[in-house]
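**Q** Could you work out the structure for the sequence below:
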Amino acid sequence: MTTTWNFLKGTYWYVPFKSLQAMQMSPTDGTVTQMIDQTVWQITNYENGYFWGNCAALLYEKDTTPTAVPSSFRIMGSITPQGKVLIAFMPINQLGALLETTGFGVMREQEKSWVFEMQMASGTTNVVTHWAFMEETQPNDVSWKQLPGTNYSVPDFLAAAGF
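**A** Alright, predicted model coming up:
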């Protein structure tokens, strides 16, 4: 197994269909709602165990049609030589660092390619939890042309979030 993650620079990662489900809970009445969470990471750089870039995320209730556009975040993460991952997702606004969401995970080799196995929890009123295998996508991939759970291509998804 490699302990060098230089290949992350300039890559794009998305949530495959099998990992789209997320759960949301209302703290007032305990209602749990099944959600869909499509997220794209654009890792613009990697250096010595650290990576950073942009993130677009679209969260909507399962069995509905999304009406919002993807939200935009900056991401900064660390990855150990053993593949343990920590990522901060910061909304692009004055309170970005204050409203940061943290994701935890590990790099896993599956079918001769790497995936990020990630978990996160976030919210200011309701809380959403999500775990996913984030897979790499490239311009010739089906997922690049249409992200699961959306009608967006990767470039259009990022553009809709303002990137």
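**Q** does the spatially most central residue of the chain sit in a helix or strand, and which one?
**A** In the chain, the C-alpha nearest the mean C-alpha coordinate belongs to Thr39, at 3.9 Å (C-alpha atoms, centre = their mean). Taking DSSP states H and E as the definition, Thr39 sits inside strand 32-47.
**Q** Direction included, what does that strand pair up with?
**A** Counting by DSSP bridges, the strands paired with strand 32-47 are strand 11-14 (antiparallel), strand 21-25 (antiparallel), strand 50-61 (antiparallel).
**Q** which non-adjacent residue is nearest the residue nearest to the centre of the chain?
**A** Ala57 (4.4 Å; C-beta to C-beta, 6 or more residues apart in numbering). (Glycine included, C-beta is placed from N, CA and C.)
**Q** Over to Ala132?
**A** Leaving aside its sequence neighbours, Ala132 sits nearest to Ser19 (C-beta to C-beta, 6+ apart; 3.6 Å).
**Q** which residues of the chain fall in strands?
**A** All strands of the chain, identified by DSSP state E, fall at 11-14, 21-25, 32-47, 50-61, 71-79, 84-91, 101-110, 113-122, 127-137.
**Q** check contacts around the residue of the chain positioned farthest from its centre.
**A** Distance from the C-alpha centroid of the chain peaks at Asp29, with 27.9 Å (C-alpha atoms, centre = their mean). With contacts taken as C-beta atoms under 8 Å, 6 or more residues apart in numbering, Asp29 has no neighbouring residues.
**Q** Ser78: how many residues sit nearby?
**A** When neighbours are counted by other C-beta atoms under 10 Å, Ser78 registers 13.
**Q** Against Lys84, how distant is it?
**A** Distance of Ser78 to Lys84, computed by C-beta to C-beta, to the nearest Å: 8 Å.
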